[in-house]
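this one's structure only:
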C-alpha cells in the first residue's frame, strides 16, 4: 500500500473518477446507497458512519463526500432511490382502480425484504430530528401529490364530491401498508388492496366529500 493511501482501504478501492459516459459512476453510486441502507438497518443511524459505508461499498471516502456532504444527505438520497419512482399515479378510469393500481405500485418499495430497513428508518427518524425533518420534507411531503391526483380525477369523473379531502389517502394508505409489513407480517396482496380500497379509503373519501366544518370541543359542549 502506498503511504498516500488511507489506512484500511486497499488500492482497488481508491478508484479513479469515472469518465463521461461510463457506467461506473451510476454503479458506484448504487453500491454506496445500498451500503448506507444496509448499515442503517443493521446498526441504526447514530452508529453508522461514512467510514463504514465506504468500506462496505469499496469506495473511497473522497468519492462519497464529492457526492454527499454528510450521512444525512446520503441516507435521504438512498431512501428516495430505494423504491419505485412514480411521476403520476396510474390512471385506470375509476377511483377504485386508481387506488388499487397505486397500492400495487407502492408494494414494490415496501416488500417483506425491506422490513428491517423500514424499522431502521423509523428508529432513525425518532432519534435524529434533523434527519426526520429532511425525510418528512423530501420523502413524505413530496408524495402528497399522489393522493391529490387520485382525488382530483375522481372529482372530475363525478365519483367524489368537490370537497373530497386528498389527505385521507396520504395519511391512511401508507399507515395501513406499513402496519401490515412491520406489525402483522401478513401478505400485501390483491385481497388486502381490495379491502383497503372498498372498506377503508373509498368510504372515508366519500365521507370527506360531504363533510362540513367539524365543530370544536368547545362548540360541542356549549
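It's in. Keep in mind that what you see is a predicted model, and the values were worked out from it rather than measured.

residue 44 versus residue 54, what's the distance?
18 Å (C-beta to C-beta, to the nearest Å). Bear in mind the C-beta positions are built from the backbone N, C-alpha and C, glycine included.

next, residue 162: secondary structure please.
Using DSSP: H, G, I helix; E, B strand; the rest coil, the structure places residue 162 in coil.

typed the wrong thing, it's residue 90
coil.

equivalent analysis for residue 188, please.
coil.

just give the nearest non-adjacent residue to it, would you?
Using C-beta to C-beta, 6 or more residues apart in numbering and skipping the chain neighbours, the partner closest in space to residue 188 is residue 107 (5.1 Å).

what is the burial count for the one you found?
19 (other C-beta atoms under 10 Å).

what strand or helix carries residue 29?
Using DSSP states H and E, residue 29 falls within helix 24-43.

just list what the helix or strand encompassing residue 171 packs against, helices and strands only.
Residue 171 is part of helix 167-179, with elements assigned from DSSP H and E. Counting contacts by 3 or more C-beta pairs under 8 Å, 6 or more residues apart in numbering; DSSP states H and E, helix 167-179 packs against helix 95-107, helix 144-157, helix 202-210.

hmm, back to that, in the helix or strand following the helix holding residue 29, what counts as buried?
Tracing the chain past helix 24-43, the next element assigned as helix or strand by DSSP H and E is helix 50-57. Neighbour-count burial for helix 50-57, counted by 16 or more other C-beta atoms under 10 Å, picks out 50, 52-57.

stretch 65-81 too?
Buried residues in stretch 65-81 (16+ other C-beta under 10 Å): 68, 71-72, 74-79.

adding secondary structure, write the residues you listed out as TSV.
Converted to TSV, the buried residues of stretch 65-81 look like this (three-state DSSP):
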residue	secondary structure
68	coil
71	helix
72	helix
74	helix
75	helix
76	helix
77	helix
78	helix
79	helix
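
nearest to residue 209, of those residues?
residue 79 (33.5 Å; C-beta to C-beta).

ok, the closest residue to residue 97 other than its chain neighbours - how many residues close by?
Of all residues not flanking residue 97 in the chain, residue 90 sits nearest, at 7.9 Å (C-beta to C-beta, 6+ apart). A count of nearby residues for residue 90, using other C-beta under 10 Å, gives 15.

how much space between residue 90 and residue 102?
6 Å.

likewise residue 132?
25 Å.

higher neighbour count, the two?
residue 102 (23 against 17).
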